[in-house]
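In: I would like to see how this sequence folds:
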Amino acid sequence: MHGYMGKMLFVNLSDGNIEARPLSEDLARNFMGGPGLGAKILYDEMPAHADVFGEDSMIGFVSGPLNGNRALFGGRYTVVSKSPVTNGWNDANSGGFFGPKLKAAGYDAVFVKGIAEKPVYLFIDDGKAEIRGASHIWGKTITSVEEVLRKEHGDKINAAIIGPAGEHLSNMAAVMNDGHRAAGRGGSGAVMGSKKLKAVVVRGNQKATIYDDAKLIEVNKKSKAFMDGPMAQGAGAYGTYGTGVGYVSSVLSGDAGIKNWGGVGIADYPEEAAFPVSSIGMDQFKIKKYSCSNCPLGCGAIMNIPSERWDLTHSPRPEYETMGSFGSMMLNKDMESVARANDLCNEYGLDTISTGSTVAWAMDCYENGIISKEELDNVELSWGNGDAIVAVTEKICKGEGVGAILAKGSQAAADSFGKGHECLVVASGIEEPMHDSRMAYGLTRTYKYDPTPGRHVKGALPMTTYTHVTGHNFDYRGTGYLDMLAVAEQEVVNASGLCIFCSMGGPFSYKIEQFNAVTEFNYTPAEVRQLGLRIFNMRHAFNLREGKRRNDYTLSRRMYTSNPPYDGPLADIHVDHELLADNLFNTIGWDMDGVPLKESLEALGGLEQVITDLYPPQTEEARA
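Out: Next up, the predicted model:
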């Protein structure tokens with residue numbers, strides 16, 4: 001089978017059992033990889049209603065067919081698990097080199113259940129897997145762990161690691177690789193921590209075969225020509241400045257979060273405040289670029305920032321989401337503090353979106369007299385106070401004092417304090433990314449009703465088509481079909497191992513050519529759409545089996561309607577996200593409670609167990 005190693009690894013940390021299983025062609029063709037394959041396996045192997053931190057709970061590390069070969073932008077893998085935040089399905093993907101190296105070690109995916117008696121790590125060396133003791137690296141930060149592992153196994157390893165935040169079961173804990181690449185959202189790092197699994201370490205030289213290498217090279221050439229042509233300006237900017245290239249314009253347009261989503265960029269956080277925090281403002285400190293595996297863009301960078309307060313040498317450049325979370329969300333124009341908060345999250349293994357947004361929530365509560373200075377360990381968490389932001393972030397990283405409460409995220413912190421709920425900006429408990437759904441209004445449906453709520457890298461109405469420019473009269477007609485197309489395409493991009501920025505390398509038709517050149521599955525455009533919708537339904541089915549229905553998904557009011565008094569570019573915008581959901585559900589064949597119709601599932605194929613669970617066959621007695 002081309003494009004795949006053809007093997008999956010299943011590990012039980014409770015009894016030490018390690019089992020290699022074949023990956024069938026049907027499974028690969030129907031679910032591809034990443035969150036698609038991961039959802040199918042966890043649905044089949046993990047009992048319904050399993051305790052997220054219990055022995056039956058599983059976590060998976062899943063590559064895609066476009067990892068580890070010539071496919072441009074093919075550097076991402078996915079971590080799948082149940083989320084301690086939503087108690088439902090979770091997938092989070094990451095770039096770097098772990099996905100390709102996992103395949104080089106001999107496997108397409110690794111799934112882990114059980115709980116070890118003592119800290120361990122999993123070492124996979126050219127097809128051979130073993131569980132090793134990790135007490136000597138437990139408690140260490142990400143860079144320190146990598147240094148120890150490289151001393152033990154050489155420089156040719158790659159590892160997915162948790163930091164102390166994952167060990168402390170923070171709901172914001174990420175799985176880190178390559179020092180600063182993060183599978184960040186939903187708390188998958190806490191699931192690893194609950195299993196006492198410090199790392200998954202991979203090494204090897206194996207390669208999956210490619211069906212048509214010449215065809216893949218041809219598609220790559222077209223993609224590079226596309227980047228050099230009409231996308232030259234955009235691609236060049238992202239390649240030079242990274243994801244933060246548009247930070248200032250996002251602040252001014254209303255896209256980025258301002259003052260915990262209650263402010264306006266022009267008035268509260270003007271251009272002169274935003275620019276120093278932006279990647280253009282930071283570019284003077286860049287010492288080298290960083291590119292993920294087989295990426296022609298290279299949106300990462302390493303910086304040396306002179307500072308008298310913190311060591312910011314060899315500091316990874318913050319991403320756009322981090323700039324927003326630790327910058328505009330707190331009216332913070334202190335560039336050094338943004339870089340320091342980013343470094344702390346990387347080292348301790350935390351999602352910067354949720355961590356920054358949780359600090360912003362606490363700051364909003366402090367400024368409005370809801371939470372006192374004493375309750376914040378005497379930190380004066382006032383708007384724009386960079387030193388205070390770093391101090392609270394460090395407390396979260398270490399789980400000390402008020403940090404132990406905030407480490408659970410803003411929703412859990414509000415519940416713990418018993419106040420501050422009016423300042424929350426969350427989707428089913430998870431903090432909103434730095435894209436205002438009042439601007440790209442299709443995101444309201446995605447934020448609320450994607451199987452992983454609160455994500456901006458899932459399918460949604462095309463932002464270029466539905467971005468607010470002038471006027472507030474949205475036309476909802478036809479949104480269901482456009483939303484369906486976007487969902488299907490993004491599901492396949494994520495499952496294949498491609499980066500979302502592959503769009504800079506040409507239209508989606510180029511991606512279909514990549515899939516077929518690598519796998520020999522010869523997908524037609526209609527089959528690719530069907531594949532994407534099958535994956536979307538598979539992810540959703542996990543939540544349905546947990547008992548979740550439409551009314552169980554929640555969205556903070558600030559996420560879809562203006563928060564009066566409100567002015568600026570998005571003033572008076574109100575989005576009917578329920579109508580957007582109705583339109584999508586009707587288009588893809590779900591009822592209004594979010595349950596797929598039986599005939600819709602049958603038309604997609606490959607979902608027989610889901611059909612049986614949702615529509616169990618009647619017994620003879622029931623039929624009588």
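
In: quick check: buried residues in stretch 519-539?
Out: For stretch 519-539, a neighbour-count test (16 or more other C-beta atoms under 10 Å) marks 519, 521, 523, 528-539 as buried. For every residue, glycine as well, the C-beta is placed using N, CA and C.

In: residue ranges with poor pLDDT in the stretch 251-400 of the chain?
Out: Applying pLDDT under 70 to the stretch 251-400 of the chain flags no residue at all.

In: just the strands in it please.
Out: Using DSSP state E, counting those that start in this stretch, the strands of the stretch 251-400 of the chain run over 286-290, 300-305, 312-316.

In: could I get the longest one in CSV with only the CA atoms?
Out: I take that to be strand 300-305. The C-alpha coordinates for strand 300-305 follow below in CSV (Å, rounded to 0.1, in the frame of the first residue of the first chain):
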residue,chain,number,x,y,z
GLY,A,300,8.9,30.1,11.8
ALA,A,301,11.9,32.0,13.1
ILE,A,302,14.3,32.1,16.0
MET,A,303,15.2,35.4,17.7
ASN,A,304,17.7,36.9,20.0
ILE,A,305,16.1,39.7,21.9
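
In: what residues does that strand touch?
Out: Here strand 300-305 makes contact (C-beta atoms under 8 Å, 6 or more residues apart in numbering) with 180, 242, 279, 282, 285-292, 312-317, 335-336, 339.

In: pull up the pairing partners for that strand, direction included.
Out: Strand partners for strand 300-305, identified by DSSP bridges, are recorded as strand 286-290 (antiparallel), strand 312-316 (antiparallel).

In: circling back to that earlier point, out of the buried residues of stretch 519-539, who's nearest S307?
Out: For the buried residues of stretch 519-539, the closest approach to S307 (C-beta to C-beta) belongs to R539, at 42.5 Å.

In: nearest residue to that closest one other than its sequence neighbours?
Out: Of all residues beyond its chain neighbours, the one nearest R539 is P451 (4.0 Å), with distances taken as C-beta to C-beta, 6 or more residues apart in numbering.

In: give me every residue that touches the one you found.
Out: Contacts for P451 (C-beta under 8 Å, 6+ apart) come out as 88-89, 536, 539-540, 542-543.

In: one more time with 10 Å
Out: Listed by C-beta atoms under 10 Å, 6 or more residues apart in numbering, the contact partners of P451 are 35, 39, 86, 88-91, 458, 535-544, 548, 553.

In: again with A256
Out: A256 is in contact with 246-250, 265, 269, 274, 320-321, 323-325, 327-329, 433-436, 439, counting by C-beta under 10 Å, 6+ apart.

In: now E336
Out: With contact taken as C-beta under 10 Å, 6+ apart, E336 is in contact with 276-277, 305-310, 312, 315, 386-387, 390.

In: sorry, back to before: can you flag the buried ones in the contacts of strand 300-305?
Out: By neighbour count, with 16+ other C-beta under 10 Å, the contacts of strand 300-305 hold 180, 242, 279, 282, 285-286, 290-292, 312, 315-317, 335-336, 339 as buried.

In: and the end-to-end length of stretch 285-301?
Out: With C-alpha to C-alpha, to the nearest Å as the measure, the ends of stretch 285-301 fall 10 Å from one another.

In: tell me how far it lies from the chain's centre.
Out: Averaging C-alpha positions (C-alpha atoms, centre = their mean, to the nearest Å) puts stretch 285-301 19 Å from its chain's average.

In: mind checking the end-to-end distance for stretch 567-575?
Out: Using C-alpha to C-alpha, one end of stretch 567-575 lies 16 Å from the other.

In: chain center to it, what's the gap?
Out: Remark: stretch 567-575 is offset 28 Å from the chain centroid, using C-alpha atoms, centre = their mean.

In: hmm, Y241 is touching Y247, no?
Out: Yes. Y241 is within contact range of Y247, at 9.1 Å (criterion: C-beta atoms under 10 Å).

In: of those two, who's got more company?
Out: Just comparing Y241 and Y247: by other C-beta atoms under 10 Å the higher neighbour count belongs to Y247, 31 against 22.

In: which phi and psi does the more buried one have?
Out: Main-chain torsions, Y247, degrees, to the nearest 10: phi -60, psi -50.

In: my guess is it contacts P318. True?
Out: Yes. Using C-beta under 10 Å, Y247 makes contact with P318 at a distance of 9.4 Å.

In: break this protein into its domains for me.
Out: As given by automatic domain parsing, the domain ranges for the chain are 7-203, 245-431, 443-620.

In: on that earlier part again, show me which of the contacts of E336 is closest to V202.
Out: Nearest to V202 among the contacts of E336 is S315, at 26.4 Å by C-beta to C-beta.

In: quick one: the closest one from G96, how far?
Out: 17 Å (C-beta to C-beta, to the nearest Å).

In: now D15
Out: The value you get for D15 to G96, if C-beta to C-beta is used, is 32 Å.

In: those two: who's more crowded?
Out: Using other C-beta under 10 Å as the criterion, D15 and G96 rank with G96 on top: 26 against 7.

In: related to what we said a few turns ago, joint contacts of Y241 and Y247?
Out: Taking C-beta under 10 Å, 6+ apart as the contact rule, Y241 and Y247 both touch 278-282, 320.

In: mind picking the two most distant members of the residues you listed?
Out: Using C-beta to C-beta, the two most remote members of the shared contacts of Y241 and Y247 are G281 and Y320, lying 12.9 Å apart.

In: overlap of the contact sets of those two?
Out: Contacts common to G281 and Y320, judged by C-beta under 10 Å, 6+ apart, are 241, 244, 247.

In: and of the residues you listed, the nearest to D51?
Out: Set against D51, the nearest of those by C-beta to C-beta is G244 (38.8 Å).

In: is it true that V112 lies in a strand?
Out: Yes. Under DSSP: H, G, I helix; E, B strand; the rest coil, V112 sits within a strand.

In: quick check: it vs S354, distance?
Out: Distance from V112 to S354, by C-beta to C-beta: 23 Å.

In: same thing with G127?
Out: Applying C-beta to C-beta, the value for G127 to S354 is 36 Å.

In: those two - which one has more neighbours?
Out: Between G127 and S354, counted using other C-beta under 10 Å, S354 has the larger neighbour count: 30 against 14.

In: isn't that one right next to V425, touching?
Out: No. Contact criterion C-beta under 10 Å: S354 and V425 do not qualify, at 11.1 Å.

In: follow-up on the earlier one: just the buried ones from the contacts of A256, in PyMOL syntax?
Out: A single PyMOL command selects the buried members of those (16+ other C-beta under 10 Å):
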select buried, resi 246+247+248+250+265+269+274+320+321+323+324+325+327+328+329+433+434+435+436+439
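
In: in helices, which of the contacts of A256 fall?
Out: 247-250, 265, 274, 320-321, 323-325 (DSSP state H).

In: distance to P507 added to those, as CSV?
Out: Compiled in CSV, the ones in helices among the contacts of A256 are given as follows (distance: C-beta to C-beta, whole Å):
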residue, distance to P507
Y247, 27
V248, 29
S249, 25
S250, 25
G265, 33
A274, 32
Y320, 24
E321, 26
M323, 29
G324, 29
S325, 32
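
In: closest one of those to I588?
Out: E321 (28.4 Å).

In: what do Y247 and P318 both touch?
Out: Listed as contacting both Y247 and P318 by C-beta under 10 Å, 6+ apart are 277-279, 282, 324, 327.

In: ok, residues contacting stretch 308-315?
Out: For stretch 308-315, contacts defined as C-beta under 10 Å, 6+ apart pick out 143, 179-180, 282, 285, 287-288, 301-307, 334-337, 339-344, 346, 386-387, 390.

In: at 8 Å instead, please
Out: 287, 302-306, 336, 339-340, 342-343, 387, 390.

In: quick check, M8 in a helix?
Out: No. Read with three-state DSSP, M8 is strand and lies in no helix.

In: which strand residues bridge the residue lying closest to it once chain neighbours are set aside?
Out: Of all residues not flanking M8 in the chain, A109 sits nearest, at 4.6 Å (C-beta to C-beta, 6+ apart). Judged by DSSP bridges, the bridge partners of A109 are M8, V62.

In: thought A360 was touching I258?
Out: No. In terms of C-beta atoms under 8 Å, A360 does not count as a neighbour of I258; the distance is 9.9 Å.
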